[in-house]
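1. Quick one: sequence plus predicted model below, questions after.
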Amino acid sequence: MGRPEGIFTHGLMTASEIAAHLLQACETLSDFDAYMFGSTLHGVGADIDILIVGPPGDGLSQLKDELRAAGQCLPLHLLFLQPSEAERTDFIGREKCVPLASLATQSAGSFTERPIT
Amino acid sequence: MTWQVGYALANFNKSGPSKAELVEGELIRVVTDGQPDVLAAISAAETLDQATAEYFLQTYPNLDFLCGFRATCVWEGAAITFLEASAVGWGSSGTLSSAALDGSAKTAPHKTYKFSDRLIRQYGRVARVDREFDRIHRVHLRSGTTLRIGMVTDYEPNADAVRALWDRFGPVDIVWNINPNGSLTPEAIEAGHGLGARVMKWDDLREYLRTA
């Protein structure tokens, strides 16, 4: 009903913090290849673009539920590709996607500046 | 401040020709040189239905624009009809940014679906269109045939985009890739085939409507 959902108290999360948050909150992510791409890597963007590569099926359904919950207070934009689609389109290379696992281990600010504190 | 308002303000104020400030609650003011200020409500709703739209208009009677901030936000047809009849623009954060720039906030529709919605309504074989959701149109042709058409926006729609549309909105006859660029992946066409839907772009859809 449009009522407040989540309070904005700690500023915007950095790309590293978002990656760490998703990896921690979404257990099923370990079964997929997960990346971030787009403007959030370089600062605040309208959306936080996340690419998930893996097969369709129950695991993917479970992951979608986990991501929905984890992204309750984040403007996540999720793209799901099957491995064959990712390979044929070269999406990962073309969009300079960065693995979430790599991002999560970067110190804050390595890929992005904290836009608001 | 809610998270979506925080993100919206940060996006407007990082750069660009428009600036924004919090007015109250989920209402922000977008200021652009040479254009009227825009009072916009920023909603985190996953689905914007008529009740939600009415709630925002009752809460903020001077509302110019209702923004569904989530990239995944879905707008129900009744909400769209209500907002357009109330002279309130509606759509994504990108729609709000564009509308603030060109001074069209009170009449702006979601920019993602604006062109395709107009395209299908203006096609000569189409007698009537019932908009069930922002991306789901029930199209009544002059031939008497009725088709339920769902729109996907991806540059290269994949199998998941087709399945997700079907899962969220139910069966459609046609999955229409409204992105004028890019191409359909074989997996997307195959996924549609498995569900019983044709997956196509405008040139093929126009031909299909001509003979359906």
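-> In hand now; what should we look at?
2. Any part of the lowest-mean-pLDDT helix or strand in chain A near chain B?
-> Within chain A, no helix or strand scores below helix A:83-89, which has a mean of 87 by mean pLDDT, DSSP states H and E. Yes. Interface with chain B: helix A:83-89 contributes A:S84, A:E85, A:R88, A:T89 (CB under 8 Å from any CB of the partner chain). C-beta: built from backbone N, CA, C; applies to glycine.
3. can you pull out the strands in chain B?
-> Applying DSSP state E to chain B gives strands spanning B:18-24, B:27-32, B:38-43, B:47-48, B:65-68, B:74-75, B:89-91, B:126-133, B:136-141, B:146-152, B:174-177, B:198-200.
4. likewise chain A?
-> Counting by DSSP E, the strands of chain A are A:33-37, A:48-53, A:76-81, A:98-99.
5. now these in a markdown table, with distance to chain B?
-> Shown next, in a markdown table, are these (distance: least, CB to the nearest CB, whole Å):
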| stretch | distance to chain B |
| --- | --- |
| strand A:33-37 | 13 |
| strand A:48-53 | 9 |
| strand A:76-81 | 4 |
| strand A:98-99 | 19 |
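6. Lowest average confidence across those strands, which one?
-> Across those, strand A:76-81 has the smallest mean pLDDT, namely a mean of 90.
7. That one to strand A:48-53, inter-axis angle?
-> Counting by axes from the mean of the first three to the mean of the last three CA atoms, to 10 degrees, strand A:76-81 lies at 20 degrees to strand A:48-53.
8. who does strand A:76-81 pair up with?
-> strand A:48-53 (parallel) (DSSP bridges).
9. What lies in contact with the partner strand?
-> By CB atoms under 8 Å, 6 or more residues apart in numbering or on different chains, the residues outside strand A:48-53 that reach it are A:18, A:22, A:29, A:32-40, A:60, A:63, A:67, A:71, A:74-83, A:86, A:91-92, A:95, A:97, A:100.
10. related to what we said a few turns ago, most packed of the strands of chain B?
-> Among these, strand B:65-68 has the highest mean neighbour count (mean count of other CB atoms under 10 Å in any protein chain shown), at a mean of 28.
11. Any part of it near chain A?
-> No. Residues of strand B:65-68 contacting chain A under CB under 8 Å from any CB: none, with a closest distance of 8.8 Å.
12. Show me what that strand is in contact with.
-> B:8, B:38-43, B:45, B:48, B:53, B:56-57, B:74-75, B:83, B:88-93, B:95-96, B:99, B:105-106, B:108.
13. And the closest residue to A:T40 other than its chain neighbours, how far from A:L67?
-> Once flanking residues are discounted, A:T40 sits nearest to A:I48: 4.7 Å by CB to CB, 6 or more residues apart in numbering or on different chains. Between A:I48 and A:L67 the computed distance is 11 Å (CB to CB, to the nearest Å).
14. And the two? Which one has more around it.
-> Neighbour tally, A:I48 and A:L67, criterion other CB atoms under 10 Å in any protein chain shown: the higher count belongs to A:I48, 26 against 22.
15. Would you map the helices across chain A?
-> Under the criterion DSSP state H, chain A carries helices at the ranges A:15-25, A:58-70, A:83-89, A:91-94, A:100-105.
16. Okay then, goodbye and thanks.
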